[in-house]
Every structure is written in C-alpha cells, then in structure tokens.
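Participant: starting from these lines, generate the structure:
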Amino acid sequence: MLNINKKDAKREIEEQNLYSIRLLNNYQNNKVIIRWLTFIVLLMFSCFFLPWQQSIESYGKVTALNPSDRPQSVPSIISGRIEKWNIMEGDYVKKGDTILIISETKEKFMDPQMLSRTNEQIKNKLISLESKKKKAIALEHQLVAIKSGLGLSLEKAQNKVLQSSMKIESDSGDVVSSKADLAISERQFEAQKKLYDQGLKSLTELEQRSLKLQQSRAKLISANNKLASSKNELLNAKIELNSIRAEYTDKISKSESEYNATQSDVFDTESTIGKMQVEYSGLQIRNGMYAIRAPQDGYILKASKEGIGETVKEGEEVVTILPENHSLSVELYFKPMDMPLLYIGCPMRIQFDGWPALVFSGWPSSSVGTFGGHVRVIDKVATKDGKFRVLVVPNPKEDPWPDKVRIGTGANGWAMLNNVLLCYELWRQFNGFPPDYTAYEHAKEKKDEKKAKEAKEEY
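Facilitator: Prediction:
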C-alpha cells in the first residue's frame, strides 16, 4: 500500500493549488448542493400532482362565419373586352358601384340599333297578330252564318220532302178512286151491252157507256202518271236534301279548316312575339351587364384581369371583394380520433399568427396572448384529407378578439377538455393514449338535461 496520510495529501493539494479537489473537500458546500438537489427533486415530484387541463391542438385560419361575409369573386356574366377600370385594388366600394366597363365581343350583339329594331319587329308582329285575330273572328262569323244557312236550307228541303210525301198519298188515293170508277164503268158497259144485244137498249146508250168507260180508263192512267210524278218529286226532294247537306258540309269543312289555320297562325305569331319579347328583355338586361358592379359593400382585394383591352370569358372571375362587415371565426381541422371529444359549445383557446403569445396548453389561465372561443359548427362529413372541419367563434364572456385580425390569418387552437394530474397526462402522452372522454360525456349529459327540461316546460 502507498504510504499516504491525510496531512501529506492536504499539503500536496495546497502546494499545487488544486481548486477543484480543494472544493470537494469543503463539506459545507457539499451540504448546500445536496439540499438544492433535494429541493429540486421534491419540487419536480410535487409538480407531478399539479392539475393539468387536457387539450387537443389544431392549426387553421381565420374565416367568416357567414358564407356571405367571406371573400367572394365577382365574375363577368357575359364575355367581353375590358374598356375602363373605375377602381384600384384596396378601394372601398358600395353595393352597386361600377368596378369596370366591358364592351361586346360577339358579332350578333354588336349592332347598336339592335334594341330599337327588335322593338320595331315586335310592334309589327303585334299588328300582324291583330289582323290575324280579326280574320279569325270574321271566319268564325262566316262559319256561324253557314251553319245557320244550313239549318234553313235543310228545313226547306225537309218541307219539300214532306210535301212530296203528302202529294204521293193524295195521288195514291186518286189512283184507288180511278180504279174503282173504272171497275164500275166496265161492269155498267157489260150490262149495257147485254141489254143492247137483247134489243132492250139503243146503240146510242151503248156508245155513251163505252165513252164513259174510256174516260174512266183515261182517268186511271192520269192518276197513275200523277202518282209516278209525285214519287219522282219525292226522290228529287230527298236527293236535293242530301245535296244540301253535302254542299254545306263541304262549306263548313273549308271554313273550319281556314278558321283553324288562322288560329294556328295566331298562336304561332303569339309564340314568336313571346320569343322576341324574351330576346328583347335579354338584350335590355345584357346592356346593363357591360358595367360590372359590386354585389355588396366591401374592399377590392385582387384584380384577376389587368389592363385595357383584355378579354374576359362568360362567368370568369374579374375581381375579389371582401365584405365590409363580417363576423370572424376560426376554421380548424381535427383528426377523426379527436372528434368524439368535441361538441357544440366546447371551450377553445386561440392564438393568432402575428400576436405574441406565451402558451401553456395545460394551464390556460397562465397563458398570455391567447383569446377565448367556443365551437359553433362541427362538420358531419370529413374533408378529402380525412379531417373534420370545426368553426370557432369568439366567447362573448371573455375579451374580444383583436380588431386587426383579418380573414386568412393563421391560428392555433386548443380545445379545452378534462382536468387531470400532470403525472397522468405525462403517462398518457408516453403511452400514446387519447384524452379522456369525461368532458364530452359531461357536456352530453348537460345537453340531455336541458332538452328534457325544455320538453317538460312545453308539456
């Protein structure tokens, strides 16, 4: 063993001026270090039992809550060429102010007299329509007159048929009477002839009977002729009746055909006038579209087209306008695994880009530069990247958001969840476990209680 004692070692340290070794030999300093280390360890251990508020962090941007308050593009309804700009980027415009003037580029609308000429064509068509309507009325009256004439002619022809029928009956009676007279004359002649053969009657009396017989025969022939003539008259009357019907049917058909054709022309003219009036109204509206106007009060953000003479297509964006009055909100995106923890009214802390902040997500009361909010909207469908959009609005019970915050500014958001111990939170983070569902379930219970209370009041 080395023959080194404490006195020699101490003298050697002092001679060589070894400060570090000399400091270690200072027992009083060692006690101070041990005390500090013990204090620090105890302090760190006690911090493990501090309360920690769980949160879900997300990054998004500032937007407007109302879709009509968000920046909107002002398109050109018609295609044209830029003739004049009335504003510059950043200018404030009111609803109806003219932003720029464009001119026509389509050949069919380049005629400067197109409106007046179209109006003149409409007037001429209206005059033509009135003439056709008058013609239709005249044809309608003509058709009524023809039908009235048909009725009179048919009545006259039917009367003639009736008269012929009655005459046939009369002549038929004459024929029957003539036949009876002839039969009597023949019987009397035969009796007179027998008496003459017996010498009881003279020749003169026989000749008188013969003459009367001949007269009866002539009378029968005449009656038959009259009857045949009456039958012919009845047939002719019936033919004339049918002829009248055919003639008037032809006249009525022609008149109805002409009337229907005129009515069709009237309807076609009315349809043409309607199309021309639509075209005229479209031209009037189109004339008002050469001036592109501001849809609402706001500020001009960006002009998509530049210069004079540049053409714009139909529906193409010309400028972007930001509405003057807009309600701000923050648009955040959360993962699907965090969605069950969020609910309408969930408290949020927001930190805006450009505003200095010192954030302690677990101790929101100790954070500096953050602003309060709560969840207003939770989308029912995920975005293309598989996240859910949440809209956060200012909390009216806390300090208002800065006035200088503008739409599009980046923002960090923390959803405030359940209060736990710091050691539990560290253990959860190390193991990759999700936050507790207690806050969500508690909010759900409060919501159900509120609904039950409202239903009870209504009952």
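Participant: least trustworthy helix or strand in the chain by mean pLDDT?
Facilitator: helix 438-458 (a mean of 52; mean pLDDT, DSSP states H and E).
Participant: after the strand or helix carrying residue 277, next one along is what?
Facilitator: Under the criterion of DSSP states H and E, residue 277 resides in helix 203-287. Next helix or strand after helix 203-287 toward the C-terminus (DSSP H and E): strand 291-293.
Participant: and the angle for the helix or strand that contains residue 180 with helix 203-287?
Facilitator: For residue 180, the host element (DSSP H and E) is helix 114-197. Angle between the axes of helix 114-197 and helix 203-287 is 170 degrees (criterion: axes from the mean of the first three to the mean of the last three Cα atoms, to 10 degrees).
Participant: any weak-confidence spans in this structure?
Facilitator: Applying pLDDT under 70 to the chain flags the ranges 1-32, 45-55, 171, 200-201, 206, 356-369, 417-459.
Participant: ok, now with 90
Facilitator: Residue ranges of the chain with pLDDT under 90: 1-60, 62-129, 131-267, 269-329, 334-375, 377-387, 395-459.
Participant: name the helices or strands packed onto the helix holding residue 180?
Facilitator: Using 3 or more Cβ pairs under 8 Å, 6 or more residues apart in numbering; DSSP states H and E, the elements in contact with helix 114-197 are helix 203-287. Quick note: C-beta positions are derived from backbone N, CA and C, even for glycine.
Participant: go through the helix or strand harbouring residue 374 and flag the buried ones.
Facilitator: Using DSSP H and E, residue 374 sits within strand 371-378. In terms of neighbour count (16 or more other Cβ atoms under 10 Å), strand 371-378 has its buried residues at 371-376.
Participant: now these in CSV, with distance to residue 338?
Facilitator: Listed next are those as CSV, based on distance: Cβ to Cβ, whole Å:
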residue, distance to residue 338
371, 21
372, 20
373, 17
374, 16
375, 12
376, 17
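Participant: of those, closest to residue 93?
Facilitator: Using Cβ to Cβ, residue 376 comes nearest to residue 93 of those, at 29.5 Å.
Participant: return the distance of that closest one relative to residue 343.
Facilitator: To residue 343, residue 376 is 11 Å away according to Cβ to Cβ, to the nearest Å.
Participant: roughly how far apart are the closest residue to residue 205 other than its chain neighbours and residue 185?
Facilitator: Spatial nearest neighbour of residue 205, chain neighbours left out: residue 192 (6.3 Å); criterion: Cβ to Cβ, 6 or more residues apart in numbering. Distance, residue 192 to residue 185, using Cβ to Cβ: 10 Å.
Participant: which residues do those two both contact?
Facilitator: residue 209 (Cβ atoms under 8 Å, 6 or more residues apart in numbering).
Participant: using the centroid of this structure, identify the residue furthest from it.
Facilitator: residue 199 (124.0 Å; Cα atoms, centre = their mean).
Participant: mind checking how far stretch 67-86 is from the chain centre?
Facilitator: 23 Å (Cα atoms, centre = their mean, to the nearest Å).
Participant: thanks a lot, catch you later.
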